[in-house]
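Novice: Dropping the sequence and predicted coords here.
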Amino acid sequence: MRRHDYQRLEKFQAAASQAFVPLRIGVPREAGFHASFCGASINDLPATHISGTACSVRRDARTIGSADPELVKVALHRRGRAGVEQDGRQCLLQPGDLEAYDTTRPYELRYWDDFDTTVIAIPRARLGLNAELIARRCAVPLPAGPGVRSVVSACLTGLGGTAGELSGAAGMHFADALISLILSVFAEDRREEPASHLTDRILAHCLANLSDPALSAASVAHRHGISVRYLHKLLSGRGMSLAAWIRHERLRRIQRDLANPALANRTTGEIAARWGILDPTHLGRALRAEFGQTATEIRREALSRR
C-alpha cells in the first residue's frame with residue numbers, strides 16, 4: 001500500500017471507507033484538515049498507519065450494511081488526545097494504548113488533536129469464538145506494558161511504518177502469529193476499576209462538550225448520575241480539578257485556533273466563544289499565564305511563519 005495524502009475530507013472519508021467499512025468522518029467547524037494513509041498487507045490482514053488533524057470517525061446504524069465485511073479492528077494509538085466509544089463504554093486513549101472496536105456494531109472515535117494510529121483489521125471469521133473475547137474489551141484501553149503487549153505494539157509500529165505486501169506461506173504464518181499475539185493480550189484479565197472507567201467517561205464527555213458555556217461540575221455530575229461531591233472525589237484521585245482542567249483544555253484549543261491562518265478573519269472573541277468562553281475580557285492574561293503569549297502575540301507569530 002502506497003502512502004496517500006489527503007487535503008479534502010470527502011476523499012479521505014471515501015478512502016477510509018474503502019479500506020475498512022463505510023464510515024462517517026467529521027472535522028471541527030472551520031478547522032483545516034489533512035490526513036495520510038500508509039500500510040502493509042499481511043496475507044488478508046491490512047495494517048494501516050493513519051495520521052491526521054483533529055476529527056471524529058463514526059460508524060452508526062445508518063452506515064452498517066449486511067454486505068459490509070465483519071471486522072475486529074485493533075489499533076495502537078501513537079499520538080494525540082483521543083477517545084473511543086462502543087457498547088455504552090467510553091474511554092480516553094494515551095499514546096501507547098492498544099484498543100479494539102468491532103465494525104458490526106456502532107462505534108465512534110474522536111481525535112481532539114493531531115494524531116497517529118496504526119490499525120489492523122481482522123476478519124471476525126479468523127477469530128472464531130475468540131471474537132467475543134475481544135468484543136468484551138471493546139472501548140477498554142490496554143496501556144503499554146512489558147511482555148506480549150510490547151511485542152504487539154512493536155509489530156504494529158513496524159507494520160504501520162512500511163508500505164508493502166507479505167503474502168504466500170510467509171504471510172500466512174505471520175498473520176496467524178500476529179492474531180495469536182493479539183488474542184493473548186486481550187485474554188489478560190486486568191480490567192480497570194469501575195471508578196476509573198467512570199472518570200474516563202467524564203473526561204471524554206467534557207472534551208466533547210467544551211464548546212458549551214454551561215459545562216460545569218453540576219451539569220457533568222447530573223449527566224453521569226452522580227453527586228458533585230463524588231465527581232470532585234473521582235478527579236482528585238487523578239490530582240485534577242475539573243474547573244481548572246476544562247479551562248486549560250479550552251485555552252489549548254483557543255491557542256491552536258488563533259495560530260491557524262485559516263481562521264485569521266475570526267476575532268479573538270469569536271474564537272473564544274467557539275470554545276465556551278463568552279467573556280474574553282481576561283483571555284489575554286490567561287493565555288499568557290498558560291502559554292507565555294497573549295492572543296495578539298500568538299497571531300503575530302503565526303503570521304510571521306507564513
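Specialist: Arrived safely, thanks for sending. Numbers count the residues shown, from 1 in each chain.

Novice: Please enumerate the helices of this protein.
Specialist: Using DSSP state H, the helices of the chain run over residues 9-19, 124-127, 130-135, 148-160, 168-187, 194-208, 217-223, 228-236, 242-258, 268-274, 283-291, 295-304.

Novice: any chance of the ones you listed in CSV, with mean pLDDT too?
Specialist: CSV is the format used below for the helices of the chain (pLDDT from 0 to 100):
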stretch, mean pLDDT
helix 9-19, 88
helix 124-127, 82
helix 130-135, 77
helix 148-160, 80
helix 168-187, 79
helix 194-208, 77
helix 217-223, 93
helix 228-236, 92
helix 242-258, 89
helix 268-274, 91
helix 283-291, 90
helix 295-304, 86
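
Novice: now for these, which one comes closest to P46?
Specialist: helix 9-19 (6.6 Å; Cβ to Cβ). (Each C-beta comes from the backbone N, C-alpha and C, glycine too.)

Novice: buried ones in the closest one?
Specialist: 9, 12-13, 16-17, 19 (16 or more other Cβ atoms under 10 Å).

Novice: Could you check how far the residue lying closest to G39 once chain neighbours are set aside is from T118?
Specialist: Nearest non-adjacent residue to G39, counting by Cβ to Cβ, 6 or more residues apart in numbering: T48, 3.6 Å away. Here the criterion is Cβ to Cβ, to the nearest Å. By it, T48 lies 7 Å from T118.

Novice: Equivalent analysis for D60, please.
Specialist: 24 Å.

Novice: Return the residues in contact with L283.
Specialist: Counting by Cβ atoms under 8 Å, 6 or more residues apart in numbering, L283 touches 254, 268, 272, 277, 295.

Novice: now with 7 Å?
Specialist: By Cβ atoms under 7 Å, 6 or more residues apart in numbering, the residues touching L283 are 268, 272, 277, 295.

Novice: How many residues are close by the first one?
Specialist: Here the number of neighbours of T268 (other Cβ atoms under 10 Å) works out to 19.

Novice: And it, how far from R300?
Specialist: 12 Å.

Novice: Kindly report the same for the third one.
Specialist: Counting by Cβ to Cβ, the gap between I277 and R300 amounts to 21 Å.

Novice: and these two? which has more neighbours close in?
Specialist: Applying other Cβ under 10 Å to I277 and R300 shows that I277 carries more neighbours, namely 21 against 11.

Novice: Disregarding residues adjacent in the polypeptide, which is nearest to the more buried one?
Specialist: Going by Cβ to Cβ, 6+ apart, I277 has R250 as its nearest residue, at 6.0 Å.

Novice: doesn't A273 make contact with the one you found?
Specialist: No: look at R250 against A273 with Cβ atoms under 7 Å: they stay out of range, at 10.8 Å.

Novice: who's more crowded, the two?
Specialist: Between R250 and A273, R250 has the larger neighbour count (other Cβ under 10 Å), namely 20 against 17.

Novice: Contacts only, for the more buried one.
Specialist: 210, 275-277 are the contacts of R250 under Cβ under 7 Å, 6+ apart.

Novice: how close does A175 get to H248?
Specialist: For A175, the distance to H248 equals 43 Å [Cβ to Cβ].

Novice: ok, those two, which is more surrounded?
Specialist: A175 (21 against 13).

Novice: Tell me who's in contact with the more buried one.
Specialist: Per Cβ under 7 Å, 6+ apart, neighbours of A175: 42-45.

Novice: now T103
Specialist: By Cβ under 7 Å, 6+ apart, the residues touching T103 are 20-21, 59, 68, 70-71, 73.

Novice: try it again with 6 Å
Specialist: 21, 71 (Cβ atoms under 6 Å, 6 or more residues apart in numbering).

Novice: same question, the one 10 residues further on
Specialist: Shown in contact with D113 (Cβ under 6 Å, 6+ apart): 54, 80-81.

Novice: Pop out the phi and psi values for it.
Specialist: phi -130, psi 180 (degrees, to the nearest 10).

Novice: Excluding sequence neighbours, find me the nearest residue to it.
Specialist: G80 is the one closest to D113 (Cβ to Cβ, 6+ apart), at 4.0 Å.

Novice: What's the separation between the one you found and G171?
Specialist: 31 Å.

Novice: Ok, A259 next?
Specialist: 45 Å.

Novice: Any idea which residue is closest to the centre of this structure?
Specialist: A82 (2.8 Å; Cα atoms, centre = their mean).

Novice: Could you report the neighbour count for G65?
Specialist: 8.

Novice: And for P69?
Specialist: 12.
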